[in-house]
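1. Please work out how this folds:
(one chain, ligands or ions: 1)
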Amino acid sequence: MKRMRKPLQTLLIKPAGPDCNMACSYCFYLEKASLFHDSPSPRMSQYVLEEMVSQAMEQSGSQINFIWQGGEPTLMGLEFYRKCVELQQRFGRGQVVGNGLQTNGLLIDDEWIRFLKSYNWLVGLSLDGPQHVHDHYAGPGAAAVHGER
Ligand code: SF4
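-> Numbers count the residues shown, from 1 in each chain. Alright, predicted model coming up:
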């Protein structure tokens, strides 16, 4: 019986691994840095980026989404993402391509914003604020449900 191959739709990518320019006390991911014995600051190489984008575009259907997160994905630098878009265009076959960036925003400047806007990237900004801001939409007992103070 012939197996039907489901097209690839979404990739969740951590190009800088667990490396981050913040050290939130509640972060569940920073400790994964201990897995990278050789490099405390792992970075996806250009070779891996090209191979990944090439294979993803080949295996996708009419639409594919690349979600970039970490750690802090902006530690890769803007040129890494310019290259990424170039590769998506080079290996694309007319697909709709989406990109999403989850960031703490510390490195986002006007140049980043121009880039993100020009390619309509979806941006998730993680923001810590005072309790009255965090809890604005939380109902009574929400903190207890999540085990927070
Ligand atoms: S900004 Fe995010 S990834 Fe970085 S330390 Fe805080 S929770 Fe972890």
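2. which residues touch L78?
-> Residues near L78 by C-beta atoms under 8 Å, 6 or more residues apart in numbering: 111-112, 115. For the C-beta atoms, the positions are set from N, CA and C on the backbone; glycine is no exception.
3. ah, wrong one, I meant N104
-> Neighbours of N104 in contact, by C-beta under 8 Å, 6+ apart: 20-22, 72, 125-126.
4. what's the closest of those residues to N99?
-> When the contacts of N104 are ranked by distance to N99 (C-beta to C-beta), L125 comes first, at 15.1 Å.
5. Now do that closest one, the pLDDT please.
-> You'll see L125 listed with a pLDDT of 93.
6. what does Y81 give?
-> With respect to pLDDT, Y81 has a value of 98.
7. Touching, it and E111? I think so.
-> No. Between Y81 and E111 there is no contact under C-beta atoms under 8 Å: 11.1 Å.
8. These two: which has the busier surroundings?
-> Y81 (23 against 9; other C-beta atoms under 10 Å).
9. so what's the residue nearest the centre of the chain bridging to?
-> Centre of the chain computed as the mean C-alpha position; nearest residue by C-alpha atoms, centre = their mean is W68, 1.6 Å away. Beta bridges link W68 to I13, L101, judged by DSSP bridges.
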